[in-house]
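J.: need a structure here:
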Amino acid sequence: MPGVEVRPIGDIGPQTDWSPHLTAAEIVIHLADRGAPEAARQAAAALARAAAASGVQRLVYMSSVRAMGAVTAPGAPFRPNDPPLPRDAYGRAKLGNERSLLAAAQETGIELVILRPPLVYGPNVKANFRALIRLAASGLPLPFAGIDNRRSLIFIDNLVDVGACAAIDPAAAGRVLLLRDTVDLSTRELVCRLAAGLGCRARLFAVPEAAFAMLRPVPALGPLVARLTLSLQVDDSATRALLDWAPPVPTEAGLANTARAFRDAI
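T.: Numbering: from 1, shown residues only. Below is the predicted model of the structure:
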């Protein structure tokens, strides 16, 4: 891409020397998040301090809504001022990184913006979302017809767009911003839209809620069943008002693009 310089940094940790990479930079967007939680927290704080020392004005951290929790009641989405209560190791790690960055920002004066997106999807998506597309493409009968949950999602292009806004808008400084597409979907609706994008029809049948409830405590299977059957919603109205932002890509178009990319790669 014209004007873009790629710089391999290697392993990122608490001892990483950032000074050669931050000269003349005004904004840093922190997306890396691997390794042991304590090392990741220390690495994030070290980056914030190095950025401030180099004159960087703002650091944007890509966290996750799972720093707040993993489940919401239908119609009761997470809001920015809700206390974070992460329920899994990933959520706790994200919240730990947030707190390390907040401490570093208070110490150095660098502007910090924290983004908490829900599940991010788009062409070449991996993990559970890709598995769901594969199921939609399989033509197999799926037990999702009776599920009436609501899940917030965000298309990758929408995440990039709002991230760019948060990086430069003065009003975003010091804020925790929740993000989402325009529409929250049930698992049933999501599978139907993915199937439509694949050019096929979803075959769904209903299973009693009690059956899913029995599976949720199962160690290996339970977390996946919970994500498919329970709700996780965010209220991003404060973000939209603050940044005067709306997702440029409709949910239907984002899902269709994602499904087509999967189909074309087969």
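J.: other SSEs contacting the host helix or strand of Q42?
T.: Element membership for Q42 (DSSP states H and E) is helix 37-53. Under the contact criterion of 3 or more Cβ pairs under 8 Å, 6 or more residues apart in numbering; DSSP states H and E, the helices and strands touching helix 37-53 comprise helix 19-22, strand 27-30, strand 58-62, helix 89-108. In short, each C-beta sits where N, CA and C put it, glycine included.
J.: swap the cut-off to 6 Å and go again
T.: For helix 37-53, the elements it packs on are helix 89-108, judged by 3 or more Cβ pairs under 6 Å, 6 or more residues apart in numbering; DSSP states H and E.
J.: before we move on, back to that, list the buried residues in the helix holding Q42.
T.: For helix 37-53, a neighbour-count test (16 or more other Cβ atoms under 10 Å) marks 37, 40-52 as buried.
J.: and for stretch 134-146?
T.: Counting neighbours by 16+ other Cβ under 10 Å, one finds that the buried residues in stretch 134-146 are 135-137, 142-146.
J.: and for the helix holding Q42, what are the contacting residues?
T.: Contact with helix 37-53 is made by 12-14, 18, 22, 28, 59, 93, 96-97, 100-101, 104, 108, 110, as judged by Cβ atoms under 6 Å, 6 or more residues apart in numbering.
J.: what's the farthest-apart pair in those?
T.: The distance between the two most remote of the contacts of helix 37-53 (Cβ to Cβ) is 24.4 Å, for L22 and A93.
J.: looking at the two, which one has more neighbours?
T.: A direct count of neighbours by other Cβ atoms under 10 Å for L22 and A93 places A93 higher, at 23 against 17.
J.: quick one, helices of the stretch 151-266 of the chain?
T.: Ranges of helices in the stretch 151-266 of the chain, per DSSP state H, counting those that start in this stretch, are 156-168, 187-198, 209-215, 222-229, 237-243, 251-265.
J.: what's the closest of those helices to P77?
T.: helix 237-243 (9.5 Å).
J.: quick check: mean pLDDT across that closest one?
T.: Computed over helix 237-243, the mean pLDDT rounds to 98.
J.: what residues are up against T258?
T.: Each residue near T258 by Cβ under 6 Å, 6+ apart is listed here: 121-123.
J.: show me the residues you listed that map onto strands.
T.: Taking DSSP state E, the ones among the contacts of T258 that sit in strands are Y121.
J.: by mean pLDDT, flag the weakest helix or strand of this structure.
T.: Of all regular secondary-structure elements in the chain, judged by mean pLDDT, DSSP states H and E, the least confident is helix 19-22 with a mean of 91.
J.: other residues contacting that one?
T.: Contact with helix 19-22 is made by 7, 51, 54, as judged by Cβ under 6 Å, 6+ apart.
J.: excluding sequence neighbours, find me the nearest residue to the last one.
T.: Yep, that's S54 we're talking about. The spatial neighbour of S54 that comes closest, neighbours along the chain excluded (Cβ to Cβ, 6 or more residues apart in numbering), is L22 at 3.8 Å.
J.: for P223, same thing?
T.: P223 sits nearest to D88 (Cβ to Cβ, 6+ apart), 7.5 Å away.
J.: what about N124, distance to A259?
T.: Between N124 and A259 the distance is 12 Å, computed by Cβ to Cβ, to the nearest Å.
J.: and the two? Which one has more around it.
T.: A259 (23 against 10).
J.: find the nearest non-adjacent residue to that one, please.
T.: In space, and not counting its chain neighbours, A259 is closest to G197: 2.9 Å by Cβ to Cβ, 6+ apart.
J.: ditto for I168
T.: Taking Cβ to Cβ, 6+ apart as the measure, I168 lies nearest to I27, with 7.2 Å between them; neighbours along the chain are not counted.
J.: R58 is in contact with that neighbour, correct?
T.: Yes - shown here, I27 and R58 form a contact pair, counting by Cβ atoms under 6 Å, at 5.0 Å.
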